[in-house]
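Asks: only geometry, no sequence info:
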């Protein structure tokens, strides 16, 4: 059984979830089995092996430690839903993982199995699925439930959407409406033709909290599997759109661009590549860049996204070379892995702009990924240590220098220089007058589903006037309900749109003397406070014609 699978960057040991493991010959005689490690079993007289039999505990509600991020896990909910990440149920025989796999599943009569696996013969309520080898087999999750599906034709690719929503708050047709425009923009972004002919978006929604307290998705070459708290379509829309865009771009890397570590993946002793900046970082960059390039989000929203990634990246070690972090993401530097979605995306942005600047706008990261896909493709791999030199040879020496200094080296990304090339000013920090709550400690109460004030240290004069107290849980801001999903956007809009002196009402849930929550409306007039604003990213006041030309090539779709 796999110790770890591609797309995850933590050791999970899926063998932990198997028990009563037995082996039999064709006459029904039991063969001797010895458990070597958590993930490996040795079968004596294996030439006689006919059948393996074992039970599997699902991961979503396991009592075992080292909980598994739900999109990479398994769920068995009788009569409701089966989330079958195949690597959580099935392993392989050593030396035989490149042989074809055939899976037969007997399902409830009213269930349907949504997957990107090839379908074989269906007889009654027994479905057959086919894969060329264990890598393709493990890489194809199946969602079994009462069908709620939709099909999105995207050029040469057919995209299946399948949703399990226990309270029916989200429908597959709604998801189709959310993602169709972005996915078609991605097709154009990739040159008009996609490298896959089928793809599946599998969405499992849960009520309450997950065992890990997390939500999100796991990418696969031909699909993506979501696990998210159930909410209305409006609350989930931007998350589904952004995450789908990110995961869908993984059809490029690692499907068509990958190193030797991915090409012959070692499920028992996984080896990490140095190039998470490309696998995850450039994928995250493309997921947002495609939206501004094809008019799905506007320039201002995209600039805000850049600023947010810069700010979040500062919580990580900026002097740690990204290639070193990548190699050690499983152990030594696992606490730094999250930076692939922040600084990793910013590396992609800098690389794209520099390519556009050097080529007079004609060549960008989209073209680079296309050229790398042509050079390597699904069946060939690059050598980890050679990639930067290969990219420099394919593009410009300056790009090789950039990668060596800022990705393989410890030099900070040159935001001022790079953004200056497209007429955008970067100011590391400045003093501003701003409406702010200051810096109260904010947490989340899973029992009430509300954001909670953990402490009131360093709160602003405005927050003091309101009477904000430790333990308060946010209910509404100026009459609009505060949820975990909308809080960031709601408070950001409040800061920018509220004028000084305006009356502000904040509804909180506060415990009374009996320890019961009561709603209380806090009122105060908006007061500006001096604060330090970091990572200011604003358009240059009078950009040159050259800057505007490079910006156009960077952000506008080309005919």
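Replies: Great, that's in hand. Computed from a prediction, not measured in an experiment: that's the story for all the values here.

Asks: residue 150 pairs with what?
Replies: Under the criterion DSSP bridges, residue 150 forms beta bridges with residue 161.

Asks: that one reaches residue 176, doesn't it?
Replies: Yes: counting by Cβ atoms under 8 Å, residue 150 touches residue 176, with 4.3 Å between them. Just so you know, the C-beta spots here come from the backbone N, C-alpha and C atoms, and that holds for glycine as well.

Asks: the strands in the stretch 1-150 of the chain, which residues?
Replies: 18-24, 30-31, 33-37, 40-43, 51-56, 75-77, 81-84, 101-106, 112-114, 118-119, 126-131, 142-145, 149-154 (DSSP state E, counting those that start in this stretch).

Asks: show me the contacts for the residue nearest to residue 529 when sequence neighbours are not counted.
Replies: In space, and not counting its chain neighbours, residue 529 is closest to residue 460: 4.6 Å by Cβ to Cβ, 6 or more residues apart in numbering. Residue 460 makes contacts with 436, 437, 438, 527, 529, 531, as judged by Cβ atoms under 8 Å, 6 or more residues apart in numbering.

Asks: narrow the residues you listed to those that are buried.
Replies: Buried members of the contacts of residue 460, counted by 16 or more other Cβ atoms under 10 Å: 436, 437, 438, 527, 529.

Asks: now, these that are in strands?
Replies: residue 529 (DSSP state E).

Asks: quick revisit: identify the contacts common to residue 150 and residue 176.
Replies: residue 161.

Asks: ok and the longest helix along the chain relative to strand 149-154, angle-wise?
Replies: Looking across the chain with DSSP state H, the single longest helix is helix 172-189. Comparing the axes of helix 172-189 and strand 149-154 via axes from the mean of the first three to the mean of the last three Cα atoms, to 10 degrees yields an angle of 20 degrees.

Asks: return the list of strands paired to the helix or strand following helix 172-189, each annotated with direction.
Replies: As assigned by DSSP states H and E, the chain's next helix or strand after helix 172-189 is strand 198-206. The strands beside strand 198-206 in its sheet (DSSP bridges) come out as strand 157-164 (parallel), strand 223-229 (parallel).

Asks: nearest to residue 56, out of those strands?
Replies: strand 223-229 (17.4 Å; Cβ to Cβ).

Asks: mind putting the buried ones among the contacts of residue 460 into a markdown table with distance to residue 218 and pLDDT?
Replies: Listed next are the buried ones among the contacts of residue 460 as a markdown table, based on distance: Cβ to Cβ, whole Å; pLDDT from 0 to 100:
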| residue | distance to residue 218 | pLDDT |
| --- | --- | --- |
| 436 | 36 | 91 |
| 437 | 35 | 92 |
| 438 | 37 | 90 |
| 527 | 45 | 93 |
| 529 | 42 | 90 |
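
Asks: can I get the buried ones among the contacts of residue 460 in a markdown table including distance to residue 501?
Replies: Converted to a markdown table, those look like this (distance: Cβ to Cβ, whole Å):
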| residue | distance to residue 501 |
| --- | --- |
| 436 | 16 |
| 437 | 17 |
| 438 | 19 |
| 527 | 8 |
| 529 | 14 |
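
Asks: closest one to residue 552 out of the buried ones among the contacts of residue 460, please.
Replies: Looking across those and measuring by Cβ to Cβ, the closest to residue 552 is residue 436, at 35.3 Å.

Asks: these two touch, right, that closest one and residue 531?
Replies: Yes: in this structure residue 436 lies within contact range of residue 531 using Cβ under 8 Å: 5.7 Å.

Asks: I'd guessed residue 99 sits against residue 133; true?
Replies: Yes: between residue 99 and residue 133 there is a contact under Cβ under 8 Å: 6.7 Å.

Asks: compare these two (neighbour count), which wins?
Replies: Set side by side, residue 99 and residue 133 show more neighbours around residue 133, with 15 against 12, by other Cβ atoms under 10 Å.

Asks: quick check: closest non-adjacent residue to that one.
Replies: Closest residue in space to residue 133, ignoring its immediate chain neighbours: residue 98 at 4.8 Å, by Cβ to Cβ, 6+ apart.
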